[in-house]
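A.B. asks: Sequence and predicted structure, then a few things I'm wondering about:
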Amino acid sequence: MANVPQLDTQQGLRFTNHNLALYLRLLPMFTERHAGDAVQMTRRCAGGDVEGVGHMAHALKSVAGSIGATGVFACAEAVETAAREQCAPAALQPLIDAVSLELDAAVAALNEALNAPT
């Protein structure tokens, strides 16, 4: 996974106590379960559910941190903070857009690396 620039693999391995097999199992779970999170946050934001956006951002931040997806982590943390401060949906959406860009790039790079011939 060293060829995935969106990942700090050392951070992810520290989270798994350097259990490479576990770390490699977490990566496809991340892409499968969280690829659509930014879309869901956008829908919630459009509906005025700032609290729901915050909860989703918190969950995404946690999982991103555990695999070492540092860009996704940082963007999700910004959304979580803004939601906790009850930011207006119009001001929250650009932060969600940043999550979307980081998340899409991380998921695409991970999918490519996970599906590459060995």
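C.D. replies: Now that the structure is in, tell me what you want to look at.
A.B. asks: Pull up the gap between Asn111 and Leu24, please.
C.D. replies: 14 Å (Cβ to Cβ, to the nearest Å). Glycine gets a C-beta too; all of them are placed from N, C-alpha and C.
A.B. asks: Those two: which has the busier surroundings?
C.D. replies: Here Asn111 and Leu24 are set side by side on neighbour count (other Cβ atoms under 10 Å), and the busier one is Asn111, at 16 against 13.
A.B. asks: Which of the helices or strands spans that one?
C.D. replies: In the assignment (DSSP states H and E), Asn111 maps to helix 89-115.
A.B. asks: how far is that helix from where the chain is centred?
C.D. replies: Remark: helix 89-115 is offset 7 Å from the chain centroid, using Cα atoms, centre = their mean, to the nearest Å.
A.B. asks: do the same with stretch 55-68
C.D. replies: 6 Å.
A.B. asks: Show residues contacting it.
C.D. replies: If you take Cβ atoms under 8 Å, 6 or more residues apart in numbering as the criterion, stretch 55-68 is touched by 7-13, 15-16, 23, 26-27, 30, 33-34, 37, 40-41, 44, 70, 72-73, 76-77, 79-80, 83, 99, 103, 106.
A.B. asks: how about a cut-off of 7 Å?
C.D. replies: Stretch 55-68 is contacted from outside by 7-9, 11-12, 15, 26-27, 30, 34, 37, 40-41, 44, 72-73, 76-77, 79-80, 83, using Cβ atoms under 7 Å, 6 or more residues apart in numbering.
A.B. asks: thinking again about what came up before, what packs against the helix holding Asn111?
C.D. replies: Contacts defined by 3 or more Cβ pairs under 7 Å, 6 or more residues apart in numbering; DSSP states H and E place helix 89-115 against helix 20-34, helix 37-46, helix 50-67, helix 70-84.
A.B. asks: and of the ones you listed, who's closest to Gln93?
C.D. replies: Checking these against Gln93 by Cβ to Cβ gives helix 37-46 as the closest, at 5.6 Å.
A.B. asks: Enumerate the positions of that closest one that are buried.
C.D. replies: Within helix 37-46, the residues scored as buried using 16 or more other Cβ atoms under 10 Å are 37-38, 41-42, 44-45.
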